[in-house]
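J.: A structural model of the following input is requested.
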Amino acid sequence: MQILYFTAAMDSHNKDLSKKVHEEPTNSSIGSSASVNGNTVENGKKLNGFNCWGMCVRRKNVGGWSSAFLLLANQGLATLTFFGVGVNLVLFLTRVLHQENAAAANNVSKWTGTVYLCSLIGAFLSDSYWGRYLTCAIFQVILILGTSLLSLTSWLILIKPKGCGSQNYICRPPSTLGTVLFYLAIYLVALGYGGHQPTLATFGSDQFDDSNPKERRSKSAFFGYFYFALNVGSLFSNTVLVYFEDGGKWTIGFWVSTGAAIMALVGFLLGSPGYRYVKPHGNPLPRVAQVFVATVRKWKLAPPANGDNLHEVDGEHSTIKGARKILHTDEFTCLDKAAVVTQEDRNGQANPWRLCTITQIEEAKCIIRMLPIWLCTIIYSVIFTQMASLFVEQGAVMYANIGSFHFPAASMSAFDICSVLICTMLYNHVLVPLASRVSGNPKGISDLQRMGVGLIIGLLSMVAAGVTEIFRLRRAVPGQELSNLSIFWQVPQYVLVGVSEVFMYVGQLDFFNGQAPDGIKSFGSSLCMASMSLGNYVSSLLVNIVMKVTTTKDNVGWIPDNLNTGRLHNFYFMIAIFAAIDFVIYVFCAKWYKGAINVIGSMDGQVELKGCPATPAEEAQFLENKNE
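T.: Residues are numbered from 1 along each chain as shown. Next up is the predicted model:
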């Protein structure tokens, strides 16, 4: 979304905008002081930031890459913690809790879905009440509690006899207490990691100033490095920790995860004085609800012919505390009725459930515009979740020995991680410069194009997985559940998933965070994780439906306990077909999508936000950056 800041006399377009402003300020005014993306302005002077004590400080003293690198390290350690629990979870369920393959895959999908669903909780609290910093800290504490409880439960209750849980040494049936504590622990991990992730991504982007062209480019690059850090953290979990866990040393893996979570929180807190902070903008739910309620109450009014004479508050004031105003757009014009000023509005006291501002309405429109794009990403998340469930179960019945060394099936995700790391660097340093010369877009290709490419590559990964399964069945050992086909036949499907992530998930982070209005930035970042959440639930639903439809008296179904008697490849090909249909729908939605424009203006054409004064040198540098 194009973000425009005005620090001197506005152009004629903004003067037209100021004429639309209603002359009676509402009680949503923020007074003479406001923050904009964590920055402040005085009389058109330099944008600055807040520190951890809420004091206004020079922009050069807070934020930037020094703070961003601390947050990237935090992301890596938190991800190490999460994957230390989740990467081998499907095998823990089958070997320690004695669950069947289909049931274990479903439970992993539901748990992973809950992880990402919790991102909405973290985003809501971050945007509305706690702010990014406090939200990140609290959910990291919850993450530590979850991993600690999991470590103690596995050590004292579940791993009995000692050393069980490997491929050849099955544990005793778990007690009810052990099972209850286990599920409590992993869902605390889900809540902690899920609430932390989108908030940290947005907090990291807050460290860069949109009004500065160099920092704006850094902000876009940050999301790529954020996903890079995620995969660096998961690489250790998917190689070292998974080796210990696969050999039955689950408790060691869980305690290492706990230690990483503690280190992440300590490092996060140590960086507190250097972060740039954004104050919460208030609960967005009433604001959006007010738009729809006001629209219904004025439903009989004729829709306005254009955006003229619609209600907006004066100058720097905004119905969304500390947020920029948004220009009127011509889509979903029925919602514009909520900003039509009637005689009743003029005579009575301002009622936000009857009269809304343009900015408030455009915030609701932004959410409506993003929803079709978001829905189209769910099928991709179905593809992604197979890597933690069916890919692992498929690899567990393939030949995985290199000499005397047994290669854990879950460690194959290391190829996905390496693919992400390599592709991220190539994308940022090779593809973007080349594509930007052709397209004129500083990002190389748009975020929507990037996500579309990711969906296609994800589709190809499902085809590769299906082909691998066909060859695996041809090499199945008669009378056994194993196959002589090497596990390294899975490499293409993991690599393709990794490449697709660089396009799809990084594109999602940049797109939803950029398109979300100021008041719901963390919500925008959480949409990416919410997509993963629904993808996991949809995957679980598909497995249940497929097993119910394909299982008969004479047929064990597509995904039985013994995969050699099933048709797992049919399931992979089915997902590929769904992805192809989804891509066609996505193309239509992407062509239809139009973003909005955020502005700050006032009646007299001057920015009047109050805050920290800038030195003459700082002001000159800021104006130079603005003119670029």
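
J.: which residue lies farthest from the center of the chain?
T.: Within the chain, residue 347 marks the point farthest from the mean C-alpha position, 45.3 Å out by CA atoms, centre = their mean.

J.: Against residue 341, how distant is it?
T.: According to CB to CB, to the nearest Å, residue 347 and residue 341 sit 11 Å apart. Glycine gets a C-beta too; all of them are placed from N, C-alpha and C.

J.: hang on, the earlier thing: now do the residue farthest from the centre of the chain, the pLDDT please.
T.: Here the pLDDT value assigned to residue 347 is 80.

J.: for residue 149, same thing?
T.: 95.

J.: so it sits right up against residue 183, yeah?
T.: No: counting by CB atoms under 8 Å, residue 149 does not reach residue 183; the two are 10.5 Å apart.

J.: neighbour count winner among those two?
T.: Taking other CB atoms under 10 Å, residue 149 and residue 183 do not tie; residue 149 has more neighbours (19 against 15).

J.: if I pick the more buried one, what's in contact with it?
T.: By CB atoms under 8 Å, 6 or more residues apart in numbering, the residues touching residue 149 are 181, 184-185, 188.

J.: same thing with residue 130?
T.: Contacts of residue 130 by CB under 8 Å, 6+ apart are 138, 280.

J.: same thing but at 7 Å, please
T.: For residue 130, the contact set (CB atoms under 7 Å, 6 or more residues apart in numbering) comprises residue 280.

J.: Kindly report the same for residue 283.
T.: With contacts defined as CB under 7 Å, 6+ apart, residue 283 is in contact with residue 128.

J.: Leaving out chain neighbours, which residue sits closest to residue 106?
T.: Nearest non-adjacent residue to residue 106, counting by CB to CB, 6 or more residues apart in numbering: residue 540, 4.6 Å away.

J.: Can you classify the one you found as helix, strand or coil?
T.: Classification of residue 540 by DSSP: H, G, I helix; E, B strand; the rest coil places it in helix.

J.: didn't it look like it was pressed against residue 107?
T.: No: counting by CB atoms under 7 Å, residue 540 does not reach residue 107; the two are 8.4 Å apart.

J.: quick one, which of the two is more surrounded?
T.: residue 540 (23 against 19).

J.: Pull up the per-residue confidence for that one.
T.: pLDDT, residue 540: 83.

J.: what's it in contact with, if anything?
T.: Residue 540 touches 106, 109-110, counting by CB under 7 Å, 6+ apart.

J.: From the residues you listed, keep the buried residues only.
T.: 106, 109-110 (16 or more other CB atoms under 10 Å).

J.: ok, those residues vs residue 513, which is closest?
T.: Using CB to CB, residue 109 comes nearest to residue 513 of these, at 26.1 Å.

J.: what's the next secondary structure element after the helix or strand containing that closest one?
T.: Using DSSP states H and E, residue 109 sits within helix 101-125. Counting by DSSP H and E, the next helix or strand C-terminal to helix 101-125 is helix 131-153.

J.: how much distance is there from that next one to the middle of the chain?
T.: 18 Å (CA atoms, centre = their mean, to the nearest Å).

J.: Show me what whichever helix or strand comes after it is packed against.
T.: Downstream of helix 131-153, the next assigned helix or strand under DSSP H and E is helix 176-206. Judged by 3 or more CB pairs under 7 Å, 6 or more residues apart in numbering; DSSP states H and E, the packing partners of helix 176-206 are helix 64-86, helix 101-125, helix 131-153, helix 213-236, helix 491-515, helix 521-550.

J.: Quick check: which ranges of the protein have low pLDDT?
T.: Across the chain, the ranges flagged by pLDDT under 70 are 1-61, 167, 210-213, 307, 315-323, 595-628.

J.: Need the overlap of contacts for residue 540 and residue 107.
T.: What both residue 540 and residue 107 touch, as defined by CB under 7 Å, 6+ apart, is an empty set.

J.: what is the orientation angle of the helix holding residue 109 with helix 64-86?
T.: Helix 101-125 runs at 150 degrees relative to helix 64-86, counting by axes from the mean of the first three to the mean of the last three CA atoms, to 10 degrees.

J.: From the contact counts, what lies against helix 101-125?
T.: Against helix 101-125 (3+ CB pairs under 7 Å, 6+ apart) you get helix 89-95, helix 131-153, helix 176-206, helix 390-396, helix 521-550.

J.: Residue 351: which of the ones you listed is closest?
T.: That would be helix 521-550 among those, by CB to CB, at 25.8 Å.

J.: ok so, going back, for residue 373, state which of the contacts of residue 540 is nearest.
T.: Among the contacts of residue 540, and counting by CB to CB, the member closest to residue 373 is residue 109, at 23.2 Å.

J.: Distance check, the closest one against residue 79.
T.: In terms of CB to CB, residue 109 sits 19 Å off from residue 79.

J.: Also residue 516?
T.: Relative to residue 79, and taking CB to CB, residue 516 is found at 23 Å.

J.: do the same with residue 113
T.: 18 Å.

J.: next one: residue 425
T.: 18 Å.

J.: The two: who's more crowded?
T.: residue 79 (24 against 14).

J.: what's the more buried one in contact with, if anything?
T.: With CB under 7 Å, 6+ apart, residue 79 has these contacts: 230, 233-234.

J.: Likewise for residue 499?
T.: Counting by CB under 7 Å, 6+ apart, the residues that residue 499 touches are 419, 423, 457.

J.: Can you flag which of the residues you listed belong to helices?
T.: 419, 423, 457 (DSSP state H).

J.: from what I can see the last one touches residue 502, true?
T.: No: counting by CB under 7 Å, no contact exists between residue 457 and residue 502, whose distance comes to 9.0 Å.

J.: neighbour-wise, which of those two wins?
T.: The neighbour comparison of residue 457 against residue 502 (other CB under 10 Å) goes to residue 502, with 28 against 22.

J.: need the strands for the stretch 201-350 of the chain, in chain order.
T.: For the stretch 201-350 of the chain, the strands defined by DSSP state E, counting those that start in this stretch cover 325-326.

J.: can you map out the helices along it?
T.: For the stretch 201-350 of the chain, helices defined by DSSP state H, counting those that start in this stretch occupy the ranges 213-236, 242-246, 250-270, 284-297, 343-347.
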